[in-house]
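Asks: Predicted model and sequence below, questions to follow.
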Amino acid sequence: MLVEGSAKIKVEGVFYNPKMKFCRDIDMICFKHMPGKTYLDALAASGVRGIRAKLEAGKEVYFNDFNRRAVKVIKENLKLNKIEAEIYCEEAGSLMRKKMFDHIDIDPFGSPAPFIDSACFSAKKSISITATDTAALCGSAKNSCLRKYSCFVEKVEFYPEVGLRVLAGKIVAEATKYDKAVDFFISWAKEHYYRIHAVIRRSSRMSSKIYENYGYLAYCKKCLHRECIKLEELSKISECKCGEKLKVYGPMWLGKLKGNMKDIVKEVNKKEVDKNVKKFILQLAEEVDVPFYYDIHEVSRKLKVSPKPVSLIVEKLRDMGFKASRTVLSGHGIKTDADIKVIESLLSECNL
Ligand SMILES: C[S@@+](CC[C@H](N)C(=O)[O-])C[C@H]1O[C@@H](n2cnc3c(N)ncnc32)[C@H](O)[C@@H]1O
Ligand SMILES: [Zn+2]
């Protein structure tokens, strides 16, 4: 028997990844602040996430897995934790077409793409999605990205953020079909996975406005300049100021990837939380929410100078009046509203 958070679980014969405890720890802190009472753990395996959602965030949980073995294990795990809950043994997509839940959680093997449509159809208030098809999302498997996410991307040095925005864009595209608007609550990428929590609201007005934050990334491989291009601005794309042809990737989400994290920060500061989880959440809360981060190693390589400490560049940018922060997406990334020329000038100054 394993203990994870407040849950005791047996995982014999079903999928369980202990490394994802970090993700589930963050989930539980978020779930307390996300709207919705009924919560469907749609791809539950051992049921660990749903059980924790009940015990730690007070959700009214429902479980589903089309694998009979998983259903048996979930039953045993519910007993072990003295919880009663309904368990379905159905194909997740067809269950979500039949039943509505406040909050839907999709945690599949690989790509969530086949489930996002029905999850957006069923979810009344919140949606949580994991993706582990990182090669497709970040553009190293271009064809997969086209097939799963209807998006053209290639691998760039800030690929974790591109992947996150491709996934966010897919959620927006699926939700708005049902006149549902999406507000991203918190989103991150780590190691082999992407995770997005979003709040869903029924609003046809909002669901059309949301496309103001949807569009393309225009990127110059030569000078590392990048631009966000709204859908109606596509015709504006010309060549880069340096003379190189711009690469155009998308369409993807270009808006905010998180909401106001004040309540989450308050909770993390007062509660006994794993120190790495706490550090991660506090860093994410501080993060400047603008697309796309600069990879300081890549800029330094291009300039043929040695990289300077990220914290120092952040400080200098702030002194100059720009917004700037580190990013949880990369140890050598900087989020800022300054452009590449400013970053270059800071990295070139030898007396930093
Ligand atoms: C990655 S595991 C889920 C892990 C679990 N959420 C956790 O936190 O440990 C995916 C589970 O989804 C189930 N599954 C895969 N495709 C499904 C489908 N189309 N409908 C229902 N269950 C499915 C598998 O049997 C497997 O148990
Ligand atoms: Zn250029």
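Replies: The structure has been received and is ready for your questions. Ligands and ions are numbered 1, 2, ... in the order given.

Asks: contacts and neighbour counts: CA atoms only from here.
Replies: Will do.

Asks: In the least confident helix or strand in the chain by mean pLDDT, which residues are buried?
Replies: Of all helical and strand segments in the chain, the minimum by mean pLDDT, DSSP states H and E falls on helix 204-209, at a mean of 78. Going by neighbour count (16 or more other Cα atoms under 10 Å), the buried part of helix 204-209 is residue 207.

Asks: which secondary structure elements does it contact?
Replies: Secondary structure elements in contact with helix 204-209, counted by 3 or more Cα pairs under 8 Å, 6 or more residues apart in numbering; DSSP states H and E, are helix 159-176, strand 180-190.

Asks: hey, which of these is tucked in deepest?
Replies: helix 159-176 (a mean of 25; mean count of other Cα atoms under 10 Å).

Asks: CA atoms only: put that helix into PDB for me.
Replies: C-alpha atoms of helix 159-176 as PDB (Å, rounded to 0.1, in the frame of the first residue of the first chain):
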ATOM      1  CA  TYR A 159       9.500  25.100 -27.200                       C
ATOM      2  CA  PRO A 160       7.900  24.300 -23.800                       C
ATOM      3  CA  GLU A 161       5.800  27.500 -24.000                       C
ATOM      4  CA  VAL A 162       4.900  26.900 -27.700                       C
ATOM      5  CA  GLY A 163       3.600  23.400 -26.600                       C
ATOM      6  CA  LEU A 164       1.600  24.900 -23.800                       C
ATOM      7  CA  ARG A 165       0.000  27.500 -26.100                       C
ATOM      8  CA  VAL A 166      -0.800  24.900 -28.700                       C
ATOM      9  CA  LEU A 167      -2.600  22.800 -26.100                       C
ATOM     10  CA  ALA A 168      -4.400  25.900 -24.700                       C
ATOM     11  CA  GLY A 169      -5.400  26.900 -28.200                       C
ATOM     12  CA  LYS A 170      -6.900  23.400 -28.700                       C
ATOM     13  CA  ILE A 171      -9.000  23.700 -25.500                       C
ATOM     14  CA  VAL A 172     -10.200  27.200 -26.600                       C
ATOM     15  CA  ALA A 173     -11.200  25.900 -30.100                       C
ATOM     16  CA  GLU A 174     -13.100  22.900 -28.600                       C
ATOM     17  CA  ALA A 175     -14.900  24.900 -25.900                       C
ATOM     18  CA  THR A 176     -16.100  27.800 -28.000                       C
END
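
Asks: Not including adjacent chain positions, what is the nearest residue to the residue in the stretch 1-150 of the chain that ligand 2 sits nearest to?
Replies: Among the residues of the stretch 1-150 of the chain, residue 139 lies closest to ligand 2, at 20.4 Å counting by Cα to the ion. In space, residue 139 comes closest to residue 154 once its chain neighbours are excluded; the distance is 4.2 Å by Cα to Cα, 6 or more residues apart in numbering.

Asks: could you list every residue that touches the one you found?
Replies: 138, 139, 140, 142, 249 (Cα atoms under 8 Å, 6 or more residues apart in numbering).

Asks: The nearest residue to the third one once chain neighbours are set aside: neighbour count?
Replies: Take residue 140 and drop its neighbours on the chain: the residue closest to it by Cα to Cα, 6+ apart is residue 155, 5.3 Å away. In terms of burial, residue 155 registers 17 neighbours under the definition other Cα atoms under 10 Å.

Asks: so residue 155 touches residue 135, yeah?
Replies: No: using Cα atoms under 8 Å, residue 155 is not in contact with residue 135; the gap is 9.0 Å.

Asks: Contacts only, for residue 206.
Replies: 180, 181.

Asks: Try it again at 10 Å.
Replies: Contact partners of residue 206, counting by Cα atoms under 10 Å, 6 or more residues apart in numbering, are 176, 179, 180, 181, 182.

Asks: What's the separation between the closest residue to residue 165 other than its chain neighbours and residue 88?
Replies: In this structure, residue 165 finds its nearest non-sequential neighbour in residue 253, 4.9 Å apart by Cα to Cα, 6+ apart. Applying Cα to Cα, to the nearest Å, the value for residue 253 to residue 88 is 33 Å.

Asks: same thing with residue 228?
Replies: Applying Cα to Cα to residue 228 and residue 88 gives a distance of 43 Å.

Asks: of these two, who's got more company?
Replies: residue 228 (22 against 19).

Asks: Identify the bridge partners of that one.
Replies: residue 217 (DSSP bridges).

Asks: coming back round to it: could you export the helices and strands packed on helix 204-209 as TSV, including distance to ligand 1 and mean pLDDT?
Replies: As requested, the helices and strands packed on helix 204-209 are exported to TSV (distance: least, Cα to the nearest ligand atom, whole Å; pLDDT from 0 to 100):
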stretch	distance to ligand 1	mean pLDDT
helix 159-176	17	97
strand 180-190	15	97
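
Asks: Same list, those, but as TSV with distance to residue 131 please.
Replies: Putting the helices and strands packed on helix 204-209 into TSV (distance: least, Cα to Cα, whole Å) gives the following:
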stretch	distance to residue 131
helix 159-176	8
strand 180-190	9
